[in-house]
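Undergrad: Model the structure of this input:
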Amino acid sequence: MSDALAALRERLAETSDLHRAAAVLEWDQETHMPPGAAEARAHQIGTLRRFAHERFTAPEVADWLDALDGTFDDRPEEDGDRALVRVTRRDHARATRLPGAWVTAFAEATSRAREAWKAAREADDFAAFAPHLRRVVELNTEKAERLMPLVAEVHGPGYAPSPADARYDALLDEFEAGATTASVSAAFDQLRAGLVPLVAEVMARTPPDDAFLHGPFPEGAQWAFGLEVAGAFGYDLNCGRQDRSAHPFSTALAITDVRITTRLDPHFFPTAFFGTLHETGHALYEQGVSPALDRTPLADGASLGLHESQSRLWENLVGRNQAFWAHWMPRARAVFPDALGSVDAEVMYRAVNVVRPSLIRVEADELTYHLHVLLRFEIEHALLAGSLDVADVPEAWNEAMRRYLGVVPPTNADGCLQDIHWSLGALGYFPTYTLGTLMSVQLMEAARRDVPGLDDALAAGIYAPLLGWLREKVHRYGRSLATPEILRRATGQTLDAGPWLAYARAKYGEE
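TA: This is a model prediction of the structure:
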């Protein structure tokens, strides 16, 4: 047993290193790589991903897992060895259904698609991106078809989705294990029932003044102020850094190397600031994973939904809170005297919480944000079902925007080209933003229950008590526990839209 475990750990460390090395190349591609290097970079990433896949799916890995089967069942579920075998078996079962040629093709196609997306977005040229998106959809469809039997086996004999739902389930399961199209749709239905009338109620009022948010905000000052707040939250810049990219993201190259990016707009304060807070939430999660899990499949977030709960918690429940601006407004006025010199904390709080249909998801308010997610969920599902052709995505997008938000993007750059996710190959990802937002409120309520004086600490700009609670209840586990179990232990609840709706009603339901 010890020989099998030692051999497995050694192999997993090796494959982790290969994946992290590929991630370094991907980070560089988004931040510093010259455009002319795109094709060479696609091959480099494809080679590393293929090597990692081949080493992970080699026959001896299955032998080691078989030798370890049941060995640690008498230990707690989160025990490192027991969790390692359980999670590795799941990952191995999925990986062995994907041939090495597919892995290489997917890595190369998405590397090319990223560069094509950046150029297409800049030029507002969907036609230039469409062939790359078509290839991404084809490869994801093949992936879904290969994984569908495995997902059906996990769910058992009562699982009987439509063919279209089965495809989407197979991809969604990678980001949110156990979630299905049906369960996501049910959560959206519960959310929509409470959200739509609340949005209508808020929209009927005269909105607060937020004209001053359009600047001027010097880019250097934005950069420094965002990092100052990120550092106050607990982001360790000795083990991280921030760079610029076309779309904000975070990436973990090790527990001791977690990087974030943002994008700057000198004419709109929320773009960079809340982007930095959002990605900081992701980075705090990755920096908080137990060091004992490094170089294993456990050194990652339990799911994308739980990951998004962290980014949305710090971005919204902390960063858009009234007490936050009461504390930080003197500093903000000093940093941005021209734009904010005469703005008080209450006015700033109301401005950054204006509810208004908008074009860009990452700049949307807390209420209409979910409508952006819902339309992406519908379009992804239709692409995989074959009921929507790639060429028709702009029209479908604009119609959904009109239906859900009452606005139509004037350009595809502000519409279906605004997000990077499809160029990354991440179909099935978008629902996790809403699932994570729902979890964020459940977690914050539990933190308030467990940590005496938490709100007083936050009002004073002291974030260590909240971060410490999240480290203990969420971060340290990595993937050692599944998201539903982490949520249950931390909150005593299962995923529920009710707490978020109550929070939204309390915050936005009164004048």
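Undergrad: can you count the residues close to the closest residue to residue 391 other than its chain neighbours?
TA: In this structure, residue 391 finds its nearest non-sequential neighbour in residue 130, 6.2 Å apart by CB to CB, 6 or more residues apart in numbering. All C-beta spots, glycine's among them, are computed from the backbone N, C-alpha and C. The number of residues packed near residue 130 is 17, by other CB atoms under 10 Å.
Undergrad: how near is residue 130 to residue 137?
TA: Look at residue 130 and residue 137: by CB to CB, to the nearest Å, they are 10 Å apart.
Undergrad: if I look at the two, which residues touch both of them?
TA: Residues touching both residue 130 and residue 137 by CB atoms under 8 Å, 6 or more residues apart in numbering: residue 390.
Undergrad: before we move on, the earlier item: and the residue nearest to residue 391, that one's in a strand?
TA: No. Under the criterion used here (DSSP: H, G, I helix; E, B strand; the rest coil), residue 130 is helix, not part of a strand.
Undergrad: from memory it sits against residue 394, does it?
TA: No. Counting by CB atoms under 8 Å, residue 394 is not a contact partner of residue 130; they are 9.2 Å apart.
Undergrad: secondary structure class for residue 253?
TA: Classified using three-state DSSP, residue 253 is strand.
Undergrad: distance between stretch 289-300 and the chain's centre?
TA: Relative to the chain's own centre, stretch 289-300 is displaced by 19 Å; criterion: CA atoms, centre = their mean, to the nearest Å.
Undergrad: So for it, mean pLDDT?
TA: For stretch 289-300, the mean per-residue pLDDT is 97.
Undergrad: residues making contact with that stretch?
TA: 9, 12-13, 16-17, 80, 83-84, 87-88, 91, 252, 254-255, 286, 475-480.
Undergrad: Domain-wise, how is the chain divided?
TA: Using automatic domain parsing, the domains assigned to the chain come out as 2-167, 211-356+435-498.
Undergrad: From residue 416, how far out is residue 334?
TA: Distance of residue 334 to residue 416, computed by CB to CB: 40 Å.
Undergrad: Next, residue 262: phi, psi?
TA: Backbone geometry at residue 262, expressed as degrees, to the nearest 10, gives phi -150, psi 170.
Undergrad: Identify the bridge partners of it.
TA: Judged by DSSP bridges, the bridge partners of residue 262 are residue 244.
Undergrad: who's in contact with it?
TA: 223, 226, 242, 244, 245, 248, 272, 275, 276, 279.
Undergrad: filter these to the buried ones?
TA: 223, 226, 242, 245, 248, 272, 275, 276, 279 (16 or more other CB atoms under 10 Å).
Undergrad: Look at the second one and report its pLDDT.
TA: pLDDT recorded at residue 226 is 98.
Undergrad: what's the helix or strand for it?
TA: helix 219-233 (DSSP states H and E).
Undergrad: Would you indicate which residues of that helix are buried?
TA: 221, 222, 223, 225, 226, 227, 229, 230, 232, 233.
Undergrad: Now do the strands in the stretch 151-300 of the chain.
TA: With strands called from DSSP state E, counting those that start in this stretch, the stretch 151-300 of the chain shows them at 240-244, 250-254, 257-262.
Undergrad: mind checking which of those strands is nearest residue 46?
TA: strand 250-254 (18.1 Å; CB to CB).
Undergrad: what's the angle from that closest one to strand 257-262?
TA: 170 degrees (axes from the mean of the first three to the mean of the last three CA atoms, to 10 degrees).
Undergrad: What is the distance between strand 250-254 and the centre of its chain?
TA: That offset, for strand 250-254, works out to 13 Å (CA atoms, centre = their mean).
Undergrad: contacts for that strand?
TA: By CB under 8 Å, 6+ apart, strand 250-254 touches 20, 23-24, 26-27, 258-261, 279, 282-283, 286, 294, 299-300.
Undergrad: Just the ones of these in helices?
TA: Those of the contacts of strand 250-254 mapping onto helices are 20, 23, 24, 26, 27, 279, 282, 283, 286, per DSSP state H.
Undergrad: What residues does the third one make contact with?
TA: Pointing back at residue 24 there. Counted by CB under 8 Å, 6+ apart, residue 24 has contacts residue 253.
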